[in-house]
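# Fold the following for me, if possible:
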Amino acid sequence: MKKNLCKGFSFSGVVSGLKKKSQKDLGLIYSEVPASIAGVFTKNRVQAAPVVLDRERIKIGVCRAVIANSGSANCCTGDQGMKDAIAEAKLAADGLNIYEELVVVASTGVIGKPLALDKIESAIPELVKSLSPGGINDFAEAIMTTDTVPKIVSSSGNIGGSGFTIAGVAKGAGMICPDMATMLCFVCTDAKASSGYLKKALASSVDKSFNRITIDGDTSTNDTILVMANGMSGASVKSRSEKEYFQELLDEVLMALARMVVKDGEGATKLVDVIVKGAASMSDAEKIAKTIANSNLVKTALFGEDANWGRIFAAAGRSGVEFDPGLADIFFDDVMMVKNGMGCGDAAEKEATKVLKKPEFAITVDLKTGKGKASVLTCDFSIDYVKINADYRS
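As a prediction, the model looks like this:
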């Protein structure tokens, strides 16, 4: 992606040697002017050093740069891990000639592996020199681990006659079940917005996107989503209507990135929307949808293209939500598999099997007891998922 996505932002990604293979593993985002910043982070009790550092640094609400590495999560690395995270930020700051407090850090990779700071230091000159408005693809590649494709989405809008852009980059293919998966996401916009507003807008978008996806049910120690707004387009997000408009575009970008993450799930062959409606409340619907979406038995049946609706029903039943099984219907796309708690027979199963052969489809559970509705995006569990994670460190 070569075009200038956001005014005043530049990106780079280089090979530093943090990974065993000669792949890009160190990335940088730089804003020409101070940018407002907000972030959301993992709720896992075990948190990587960069997460702890960033939580503190974004409190001032201003940032100039993000340095991100793959190859090491810099998690469970003790006091040295925090020193290394601070040092990584300082290396970037010195290279850019900016205050180190205006640099945040993100890491992804193997937990417990110390950060090879000497390799990062050696790569900083090239990393800074390579910065360009069109370097976002290099940055996206630098933060990949088991991802098979870089994930970049942008959307443009207009406020008060001034055009602006929101661009997002994400990585993640495994250890995905965010609670705010290994997942990183960075959003840049050349619109002007306060850090206070960005915090609320980002939290709202994340709840509707990254907190509604799962690949394997595992929450990472490094989950980080940051948004930076430098205002260089001249568009300013101030009024209620402007905030609602910006929110819609931000939602659009994060939803698209979230779908890309699940679609690129380790070994995944199916992208599935699990929809629960007719629940007593939205929270009840979400609990059931998440339980179904995270069920290993459901996910392996999806891979086997087996219309085993009993596994879906069983998952819903152990969600902890009270509902009447005798009222529930289950659909695979528009094929009704279960009506009022009972299977619809062999003919329906044959039609449902056709649906399961598609790369993308929906499973809908209608409880018919209320107005609560929620959806969670999931994927299947394939043999390749096991192979990828069985020897991940080697």
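
# Which residue, other than its chain neighbours, is closest to residue 138?
With CB to CB, 6 or more residues apart in numbering as the criterion, residue 138 has its nearest non-adjacent residue at 3.4 Å, and that residue is residue 13. In short, each C-beta sits where N, CA and C put it, glycine included.

# mind listing the helices for the stretch 51-200 of the chain?
Taking DSSP state H, counting those that start in this stretch as the test, the helices found in the stretch 51-200 of the chain are 78-96, 117-129, 136-142, 195-208.

# low-confidence ranges in the stretch 51-200 of the chain?
For the stretch 51-200 of the chain, applying pLDDT under 70 flags the ranges 173-182.

# Which residue, neighbours along the chain excluded, lies closest to residue 32?
Spatially, and ignoring its direct neighbours in sequence, residue 32 is nearest to residue 8 (4.3 Å; CB to CB, 6+ apart).

# Just the strands from the stretch 101-250 of the chain, written as ranges.
Residue ranges of the strands in the stretch 101-250 of the chain, as given by DSSP state E, counting those that start in this stretch, are 103-108, 151-159, 162-171, 184-189, 224-229.

# out of the ones you listed, nearest to residue 144?
Nearest to residue 144 among the strands of the stretch 101-250 of the chain is strand 162-171 (5.3 Å), distances taken as CB to CB.

# Can you give me the buried ones in that closest one?
Using 16 or more other CB atoms under 10 Å as the test for burial, strand 162-171 gives 164, 165, 166, 167, 168, 169, 170, 171.

# From what I see, the first one and residue 154 are in contact.
Think residue 164. No: with contact defined as CB atoms under 8 Å, residue 164 does not count as touching residue 154 (10.9 Å).

# coming back round to it: tell me who's in contact with the residue nearest to residue 138.
Contacts for residue 13 (CB atoms under 8 Å, 6 or more residues apart in numbering) come out as 24, 26-28, 127, 130, 135, 137-143.

# Now the buried members of those.
Listed as buried from the contacts of residue 13 are 24, 26-28, 127, 130, 135, 137-143; burial here means 16+ other CB under 10 Å.

# gap between residue 370 and residue 285?
Counting by CB to CB, to the nearest Å, the separation of residue 370 from residue 285 is 9 Å.

# Comparing these two, which shows the higher neighbour count?
Neighbours were counted for residue 370 and for residue 285 using other CB atoms under 10 Å; residue 285 has more, 27 against 15.

# related to what we said a few turns ago, could I get the contacts of residue 13 in a markdown table, plus columns for distance to residue 212?
Converted to a markdown table, those look like this (distance: CB to CB, whole Å):
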| residue | distance to residue 212 |
| --- | --- |
| 24 | 30 |
| 26 | 31 |
| 27 | 26 |
| 28 | 30 |
| 127 | 34 |
| 130 | 35 |
| 135 | 31 |
| 137 | 27 |
| 138 | 30 |
| 139 | 26 |
| 140 | 22 |
| 141 | 26 |
| 142 | 27 |
| 143 | 22 |
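
# wait, which of these is closest to residue 386?
Looking across these and measuring by CB to CB, the closest to residue 386 is residue 143, at 24.5 Å.

# excluding its backbone neighbours, what's nearest that closest one?
Nearest one to residue 143, counting by CB to CB, 6+ apart, is residue 171 at 4.4 Å.

# what do you get for residue 87?
residue 117 (5.7 Å).

# picking that back up, list the contacts for the residue nearest to residue 32?
Residues counted as contacts of residue 8 (CB under 8 Å, 6+ apart) are 31, 32, 33, 190, 230, 232.

# what do residue 370 and residue 285 both touch?
residue 279.

# The strand or helix carrying residue 261 - contacts with which helices or strands?
Per DSSP states H and E, residue 261 falls inside helix 240-263. Other helices and strands packing on helix 240-263, by 3 or more CB pairs under 8 Å, 6 or more residues apart in numbering; DSSP states H and E, are strand 151-159, strand 162-171, strand 184-189, helix 195-208, strand 271-279, strand 372-379.

# Name the nearest of the buried residues of strand 162-171 relative to residue 278.
residue 170 (32.3 Å).

# so that closest one bridges to which residues?
Listed by DSSP bridges, the beta-bridge partners for residue 170 are residue 151, residue 185.

# Report the separation between it and residue 107.
As judged by CB to CB, residue 170 and residue 107 stand 15 Å apart.
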